[in-house]
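[1] from the sequence below, what's the structure:
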Amino acid sequence: MSLQRRFIPFLIVFLLSFPCYYGLQGKPPYDYLDDAYAYDSSRAYESWPWRKFGSKIMGSKRIGKVGRSLASVKTVSVNDYGAKGDGSDATEAFKKAWEAACSSQGSVLVVPKNKNYLLKPITFEGPCKSSITVQIYGTVQASADRSAYSNDLTRWLVFENVQNLAVQGGGTINGNGKTWWENSCKVNDDIPCKDAPTALTFYNCKNLVVKNLKIQNAQQMHVSFEKCVGVQASGLTVTAPGDSPNTDGIHVTDTQNIQISSSVIGTGDDCISIVSGTQNLQATGITCGPGHGISIGSLGSGNSEAHVSDITVNGATLSGTTNGVRIKTWPGGSGSASNIKFQNIEMHNVKNPIIIDQKYCDEDKPCKSQSRAVQVQNVLYQNIKGTSSSSEAIQLDCSDKFPCQGIVLQEIDIEIGGGKAAQAVCNNAKVTEKGDVSPSCT
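    Numbers count the residues shown, from 1 in each chain. Predicted structure coming up:
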């Protein structure tokens, strides 16, 4: 009886506090900034640490923790550290602003709208004290001075070793790439091939959100996710001229658990390129073109070992691209590309709508025949429809030493413009066809 008298009041207090707790948990800590500063704080905060805490910690102790998080948010503007936003060099101001934001609790770094900030190569390095948001409202533009990259020709803007990072805001990142394209060996055969910077690199980041940004005219690749875990990339508009060399839209390497959604990509190379070390990638709602399509690879260059698995592209429209959905591997490589799904895709005047190329060779001289190859297996092509600009709408050119295994074609309808029948060429591939498949491998 004594135990009941003690327990019932405790239960009543607990139940009364429960709605209060979830009222505080209903929005991310930065929602209250929306009206005052025009922030977009609707990022996918469900995976962030305080949300996971909520399922484990109850009562007044947890409420106090949330209250302190709200009170301790720090807003840092690059203008407060000397950036003018008039097109002059703002590199040092951005460095100082990042240091202030990264060393603060739950901070927001702001790049104001209607401003243009010139930046030389810069690395925003962690770890930071806690979660951090970068709100890009204005324009960040790369220096056109190629000598500014003398220390590292491969990267311009870098976020490195940062956890619980959101980069968003609707602003523009402009790689100012024209001078790099003009000095590319792919444009001028008389120029030796050299590296060029990736515009925006995320390296070794965990729990990352990148959304609602315009990224354009990269020196080479536009966005690269390298050695990251837990990435959500959405609402990106990535653009460059169709003849700009090596300007991949979104590049993914050594990254696990990544979602790419609702993005429009048109460049001079792959809209999305997925290379070794990538696992569990989902791409949905992708609009691609111009460019080289959506590619897995290249894999196995220089006789290297490569592994890519659990890749899903579900819902994409490709227009005028030189490839549709492609898997490309070098002769002599090893490893595997497996458990891949290409589903619900529209093709409009695409040159090679469905292609597996295990004899890929991006060299001046033909590559020699090799006894090894990356094993391609368990690949589903489902509900892919549209038009091909070439007579061969399906090309499965697999290794005779390591034939493609478990290839499924299901509900495929691709024709040449004008309603003419297209062809399928399927070499060294074990193919199963389901439903209506045109053109057919059989």
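[2] where do the helices sit along the stretch 301-442 of the chain?
    Counting by DSSP state H, counting those that start in this stretch, the stretch 301-442 of the chain forms no helices at all.
[3] what about the strands in it?
    Listed in chain order, the strands of the stretch 301-442 of the chain (DSSP state E, counting those that start in this stretch) span 305-319, 325-329, 334-350, 354-357, 375-388, 392-397, 404-416, 420-421, 423-427, 429-438.
[4] reformat the ones you listed as a markdown table; add mean neighbour count, mean pLDDT and distance to residue 123.
    From N, CA and C alone the C-beta is placed, and that goes for glycine too. What follows is those, written out as a markdown table (neighbours: other CB atoms under 10 Å; pLDDT from 0 to 100; distance: least, CB to CB, whole Å):
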| stretch | mean neighbour count | mean pLDDT | distance to residue 123 |
| --- | --- | --- | --- |
| strand 305-319 | 19 | 98 | 27 |
| strand 325-329 | 27 | 98 | 31 |
| strand 334-350 | 21 | 98 | 31 |
| strand 354-357 | 24 | 98 | 36 |
| strand 375-388 | 21 | 98 | 36 |
| strand 392-397 | 23 | 98 | 41 |
| strand 404-416 | 20 | 98 | 41 |
| strand 420-421 | 10 | 92 | 53 |
| strand 423-427 | 17 | 97 | 46 |
| strand 429-438 | 16 | 98 | 44 |
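[5] let me have these in a markdown table, extended by distance to residue 294.
    Listed next are the strands of the stretch 301-442 of the chain as a markdown table, based on distance: least, CB to CB, whole Å:
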| stretch | distance to residue 294 |
| --- | --- |
| strand 305-319 | 6 |
| strand 325-329 | 5 |
| strand 334-350 | 8 |
| strand 354-357 | 11 |
| strand 375-388 | 12 |
| strand 392-397 | 15 |
| strand 404-416 | 16 |
| strand 420-421 | 25 |
| strand 423-427 | 19 |
| strand 429-438 | 20 |
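[6] check which residues of the helix or strand that contains residue 286 are buried.
    Per DSSP states H and E: residue 286 is located in strand 279-288. Neighbour-count burial for strand 279-288, counted by 16 or more other CB atoms under 10 Å, picks out 279, 281, 283-284, 286-288.
[7] and it with strand 334-350, angle?
    Note on geometry: by axes from the mean of the first three to the mean of the last three CA atoms, to 10 degrees, strand 279-288 and strand 334-350 are set 20 degrees apart in direction.
[8] paired strands for the helix or strand following strand 279-288, with orientation please.
    Proceeding N to C from strand 279-288, the next assigned helix or strand is strand 294-299, under DSSP H and E. In the sheet, strand 294-299 lines up against strand 272-274 (parallel), strand 325-329 (parallel) (DSSP bridges).
[9] would you format these as JSON lines with distance to residue 414 included?
    What follows is the strands paired with strand 294-299, written out as JSON lines (distance: least, CB to CB, whole Å):
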{"stretch": "strand 272-274", "distance to residue 414": "20"}
{"stretch": "strand 325-329", "distance to residue 414": "11"}
